[in-house]
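what shape does this take:
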Amino acid sequence: MNGTETGEVGLGKNGVTGIIVPLDGGTIDRVFHHRPIIPIFVDRFPSDLEPGDRAFLYVSGGARVIDGEGGISSVTREPLSDVRLYAGELCLSDNELDDYAASSRKTERDEMLVLKLDQPTKYVKAMKCSLKIPSDGVYMTSETFYHILGENR
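Numbering: from 1, shown residues only. Sure, this is the predicted structure:
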């Protein structure tokens with residue numbers, strides 16, 4: 001059982017237990033189906049995120065729910081050109097990655113946050129999440145966790 005199921009949350013580095021990652025629903029489905037690597041362009045790389053933390057998959061585009069989660073097995077900074085080498089394990093297709101880079105005005109040398117998830121799991125019932133989640137995600141702290149838990153009681 002993980003912390004979400006028991007209502008408990010362990011404290012990680014500086015109180016951070018994970019990150020809420022906004023992705024569209026189709027991309028999240030791919031994470032659950034053997035494509036567990038999530039590349040994200042971020043304004044600031046998360047210094048308090050580490051392996052063993054959790055990634056909470058937030059459905060972007062208005063649904064305002066967290067659809068599932070997975071344990072983070074690695075957190076790296078990699079140039080887009082290296083991210084492409086993950087190919088079939090990325091939650092984004094080649095075309096989606098190209099479109100994402102173009103819309104973000106990034107080049108092959110720009111670095112991405114790369115999260116590799118271990119055993120991503122879809123929730124039986126998505127969790128409501130009224131918090132504003134920026135495009136580069138937000139830390140999950142015990143305060144944030146209990147806020148979301150309260151919305152779902």
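
show me what contacts V65?
58-59, 126-129 (C-beta atoms under 8 Å, 6 or more residues apart in numbering). Every C-beta, even on glycine, is put in place using the N, C-alpha and C of the backbone.

burial count for P120?
For P120, the neighbour count with other C-beta atoms under 10 Å is 23.

for it, give me its contacts.
By C-beta under 8 Å, 6+ apart, the neighbours of P120 are 31-32, 36, 55, 57, 68-70.

need those residues in TSV (columns: distance to D99, secondary structure and neighbour count).
Listed next are the contacts of P120 as TSV, based on distance: C-beta to C-beta, whole Å; DSSP: H, G, I helix; E, B strand; the rest coil; neighbours: other C-beta atoms under 10 Å:
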residue	distance to D99	secondary structure	neighbour count
V31	18	helix	26
F32	22	helix	18
P36	21	coil	22
A55	22	strand	27
L57	20	strand	29
G68	24	strand	23
E69	26	strand	25
G70	24	strand	24
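
out of those residues, who's nearest G150?
E69 (17.8 Å; C-beta to C-beta).

report the beta-bridge partners for the closest one.
F56, T121 (DSSP bridges).

right, and it touches R54 too?
Yes: the pair formed by E69 and R54 meets the contact definition of C-beta atoms under 8 Å, at 5.2 Å.

check contacts around Q119.
By C-beta under 8 Å, 6+ apart, the neighbours of Q119 are 70-71.

that's a strand at it, yeah?
Yes: membership of Q119 in a strand is supported by DSSP: H, G, I helix; E, B strand; the rest coil.

nearest residue to E151 in space, please, no chain neighbours.
K128 (4.7 Å; C-beta to C-beta, 6 or more residues apart in numbering).

make CSV out of the contacts of P120 and add distance to M112 and pLDDT.
Converted to CSV, the contacts of P120 look like this (distance: C-beta to C-beta, whole Å; pLDDT from 0 to 100):
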residue, distance to M112, pLDDT
V31, 16, 97
F32, 21, 97
P36, 15, 97
A55, 15, 97
L57, 17, 97
G68, 22, 97
E69, 21, 97
G70, 18, 97
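
contacts only, for V124.
Contacts of V124 by C-beta under 8 Å, 6+ apart: none found.

quick revisit: of the contacts of V65, which is the most crowded?
Using other C-beta under 10 Å as the neighbour test, the contacts of V65 are led by Y58, with 24 neighbours.

okay, M1: pLDDT?
For M1, the pLDDT comes out at 25.
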